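[1] got a predicted structure here, sequence first:
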Amino acid sequence: MFCALQRLRLLKAPSVRIRIAGILVALSFFALDGAAAQTLLTVREAEFRNRWEGPQEDRAEPPQYFEPGGGLEGESPDQTGDPLFEDENPDGFSQSMDRMAENLRRKLRFGPLDFQLGLITGWEYSSQNSVGGDTDFNDNNSFYAAPTVAVTYQREIGVWNVSARYSAGYRYYFNQDYTAAGTGEQRNPLSMTAGIDVGYKTSRLAVNINVSASSGAGYDVIAGANNWQTSASTGLSIRYIITEEFSVGGGASASFSNTADAQVATGEAPQPDSNSLMASASFFADYLVTPKTNVRFILSAGQDLQDFSGGATEGRRYFDSMLMVTYQLAPKLSVDAGGGVGYVLDQNIPDPEYTGVRPVYTVGVNYNPTEKTYFKAKFGMQGADIRPNFSLLAGWDVREKTRLSLSVYQNQGFSSLSPDQYNITRGFLGTVAQQLLKGISVSVSGGYEQSEYVSLTSENLPDPVEGPASYWLANASLYWRIREWLAWQNTFTLSTGQANNEELQTRFDTSFNFNF
């Protein structure tokens, strides 16, 4: 919505441009929650998806952590590859392969529809298997192959803008005794991600619809076990400008997640499959007091539901009203603050502890001087929260060949392990990338996440299930783009031991990546 309305600045009347700019400031934080969901990365997700192959298409802009070469790959206008592999003969082997790759890419493009094929071949080592058991030479390493496919569609027709993305990858380990990624159906990780964004914009009306979905297997640091997770979310936002000073709008969103097939160590209690559903709707009215000050009144309501395979179903419903003020300190810098009252009620939770009337509030800062440099911070308590949430998302291109990114967060929701309790996670994840030579870059990442389990009832929970209290990871990666269609990547990772193993886990992965 913000991007669509930003084009209104092209209006010729100076007074209108000033007032519309003020309105855009107000919009920035209305869209912040959705933007953070697209780009803020948690340690849990970074670990869970570390073996997922192909682009992460459920995000409009993938986090730096998942980008090849730490996000520096492919930014130079010259994409011919590494000079060590240049062939002075125009009919040499390297040029022949380049022409073949380019011809294949052309055959995979059909107007706005673009197909991308990939093949990753490599070798992986892990000091532990998926349930935390120690490994030896026979089962601590394996060669693997991973085919990938991606499809993108981009079209702008008049007032409509449509973007659709899909990606799938499958990693197959040739050593049948290697179970670092899981056992059974999870031994060879399969992953799929997809995203759709539809925008409609006229001089007064802006409508945006987004849909994203993902499915795949990985190690869940909250559960302390491998499992399969499937999630889907959708959002709708509408804004109508009535006058230069007054506008109204609304939004609706829904998200679903399923956790299944948990693979726990022998002797540990099995973990139930769980489903969670969150739905919300809101209405707002904006009044532009001055070109730099916007006042917004918001009414919102939502429902959070949790269901376990054993039959337990519970939920939390909320209603909020809030008055929020946004002030533009500078063309690229805005702050906002708001407060109001909310009401929460629980469903199928005995003697609930966190219900009734309570205050709701939010404060935030948004600074976005360039496309690659940004700072977004938010702190508040709304909806079904039992503790304040906070998020900080920052990125900085220190130099042309150096990039930093950082996410700090606290979020919460129903525990996927046991009924009548919330899981609160807080942590940070940072990445530094540096280009050493043309086509060669290194990146270093580190993160820590802590989990807290809070009972939603004043009664004593019978044997509540809780996952590991904390988890950390650190990795270093060397990326060498040999040609536009060929790259070599090496990644070394240290992390907390899987399951109940108190020893550090070490992993190493080296691979050649072919992309067409």
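    Yes, it's here.

[2] which residues does residue 416 contact?
    Taking Cβ atoms under 8 Å, 6 or more residues apart in numbering, we find residue 416 in contact with 222-223, 259, 271, 274, 276, 423. Quick note: C-beta positions are derived from backbone N, CA and C, even for glycine.

[3] most neighbours among the residues you listed, which one is it?
    residue 223 (27 neighbours; other Cβ atoms under 10 Å).

[4] phi, psi of the residue lying closest to that residue once chain neighbours are set aside?
    Closest residue to residue 223 apart from its sequence neighbours, by Cβ to Cβ, 6 or more residues apart in numbering: residue 467 at 5.1 Å. Main-chain torsions, residue 467, degrees, to the nearest 10: phi -90, psi -170.

[5] do the same with residue 105
    Torsion angles, degrees, to the nearest 10, at residue 105: phi -60, psi -40.

[6] go through the contacts of residue 416 and say which is closest to residue 99.
    Nearest to residue 99 among these: residue 259, at 47.0 Å, using Cβ to Cβ.

[7] looking at this, the closest one is in a helix?
    No. Counting by DSSP: H, G, I helix; E, B strand; the rest coil, residue 259 is not found in a helix; it is strand.

[8] these two touch, right, it and residue 226?
    No. Contact criterion Cβ atoms under 8 Å: residue 259 and residue 226 do not qualify, at 11.0 Å.

[9] common neighbours of the two, please.
    Contacts common to residue 259 and residue 226, judged by Cβ under 8 Å, 6+ apart, are residue 220.

[10] can you pull out the strands in the stretch 51-200 of the chain?
    In the stretch 51-200 of the chain, the strands defined using DSSP state E, counting those that start in this stretch lie at 109-110, 113-126, 141-157, 160-170, 172-173, 190-201.

[11] give me the angle between the last one and strand 160-170.
    This points to strand 190-201. Counting by axes from the mean of the first three to the mean of the last three Cα atoms, to 10 degrees, strand 190-201 lies at 180 degrees to strand 160-170.

[12] pLDDT (mean, whole number) over the next helix or strand after strand 190-201?
    For strand 190-201, the following helix or strand on the C-terminal side (DSSP states H and E) is strand 205-220. Across strand 205-220, pLDDT averages out at 96.

[13] what do you get for stretch 417-437?
    For stretch 417-437, the mean confidence score works out to 92.

[14] can you count the residues close to residue 358?
    Residue 358, neighbours per other Cβ under 10 Å, totals 15.

[15] how far away is the spatially closest residue to it that is not a sequence neighbour from residue 441?
    Of all residues not flanking residue 358 in the chain, residue 342 sits nearest, at 5.7 Å (Cβ to Cβ, 6+ apart). Using Cβ to Cβ, to the nearest Å, residue 342 is found at 47 Å from residue 441.

[16] may I see the buried residues of stretch 428-441?
    For stretch 428-441, burial by neighbour count (16 or more other Cβ atoms under 10 Å) applies to 429-435, 439-441.

[17] before we move on, the earlier item: my guess is the residue nearest to residue 223 contacts residue 425, does it?
    No. Counting by Cβ under 8 Å, residue 467 stays clear of residue 425, with 10.1 Å between them.

[18] need the overlap of contacts for the two.
    222, 451.

[19] so residue 167 is in contact with residue 118, correct?
    No. Judged on Cβ under 8 Å, residue 167 makes no contact with residue 118 at a distance of 9.5 Å.

[20] looking at the two, which has the bigger crowd around it?
    Ranked by neighbour count (other Cβ under 10 Å), residue 167 and residue 118 place residue 167 first, with 24 against 19.

[21] ok now do that one, which residues does it touch?
    So residue 167 contacts 54-57, 148-151, 192-194 (Cβ under 8 Å, 6+ apart).

[22] need the pLDDT of residue 30.
    39.

[23] now swap in residue 197 and tell me
    95.

[24] tell me how many other residues crowd it.
    19.

[25] got a list of what it touches?
    60, 161-164, 208-210.

[26] most neighbours of all the residues you listed, which one?
    residue 208 (23 neighbours).

[27] distance check, that one against residue 162.
    11 Å.

[28] give me the common contacts of those two.
    Joint contacts of residue 208 and residue 162 (Cβ under 8 Å, 6+ apart) are 197-199.

[29] distance check, residue 371 against residue 152.
    With Cβ to Cβ as the criterion, residue 371 and residue 152 are 20 Å apart.

[30] those two: which is more packed in?
    residue 152 (17 against 8).

[31] quick check: pLDDT value at the more buried one.
    Residue 152 is given a pLDDT of 95.

[32] so what's residue 498 up against?
    128-132, 219, 224, 505.

[33] now, which of those sits nearest residue 47?
    Relative to residue 47, and with distances defined as Cβ to Cβ, the nearest of the contacts of residue 498 is residue 219, at 5.8 Å.

[34] bridged to the spatially closest residue to that closest one that is not a sequence neighbour, which residues?
    In space, residue 219 comes closest to residue 226 once its chain neighbours are excluded; the distance is 5.3 Å by Cβ to Cβ, 6+ apart. Beta-bridge pairing for residue 226 (DSSP bridges): residue 219, residue 263.

[35] might one say that residue 226 is in contact with residue 185?
    No. Counting by Cβ under 8 Å, residue 185 is not a contact partner of residue 226; they are 10.6 Å apart.

[36] of those two, who's got more company?
    Applying other Cβ under 10 Å to residue 226 and residue 185 shows that residue 226 carries more neighbours, namely 28 against 12.

[37] and residue 201, how far is that from residue 156?
    Distance from residue 201 to residue 156, by Cβ to Cβ: 10 Å.

[38] quick check on these two: which one has the bigger neighbour count.
    residue 201 (21 against 11).

[39] about what we covered before: between residue 167 and residue 118, which contacts overlap?
    54, 148-150.

[40] go through the contacts of residue 498 and name the one nearest residue 407.
    So of these, ranked by how close each gets to residue 407 (Cβ to Cβ), first place is residue 219, at 19.6 Å.

[41] do you know how far that closest one is from residue 495?
    9 Å.

[42] ok, those two, which is more surrounded?
    Neighbour count, other Cβ under 10 Å: between residue 219 and residue 495, residue 219 has more, with 28 against 21.

[43] thought the more buried one was touching residue 130?
    Yes. Counting by Cβ under 8 Å, residue 219 touches residue 130, with 6.8 Å between them.

[44] any residues in contact with both of those two?
    Joint contacts of residue 219 and residue 130 (Cβ under 8 Å, 6+ apart) are 226, 498.

[45] mind listing the helices for this structure?
    For the chain, helices defined by DSSP state H occupy the ranges 2-6, 14-30, 32-39, 43-48, 93-107.

[46] flag the shaky bits of the protein, pLDDT-wise.
    Scanning the chain for pLDDT under 70 picks out 1-39, 73-91, 310, 462-463.

[47] ok, back up a step: relative to residue 139, which of the contacts of residue 498 is nearest.
    For the contacts of residue 498, the nearest to residue 139 is residue 129 (7.0 Å; Cβ to Cβ).

[48] unless I'm mixing things up, the closest one is touching residue 175, no?
    No. Using Cβ under 8 Å, residue 129 makes no contact with residue 175, being 11.9 Å away.

[49] who's more crowded, those two?
    residue 129 (24 against 15).

[50] tally of neighbours for the closest residue in space to residue 116 that isn't next to it in sequence?
    Nearest residue to residue 116, sequence neighbours excluded (Cβ to Cβ, 6+ apart): residue 150, at 4.2 Å. When neighbours are counted by other Cβ under 10 Å, residue 150 registers 19.

[51] who does residue 150 form a beta bridge with?
    Beta-bridge partners, per DSSP bridges, of residue 150: residue 116, residue 167.
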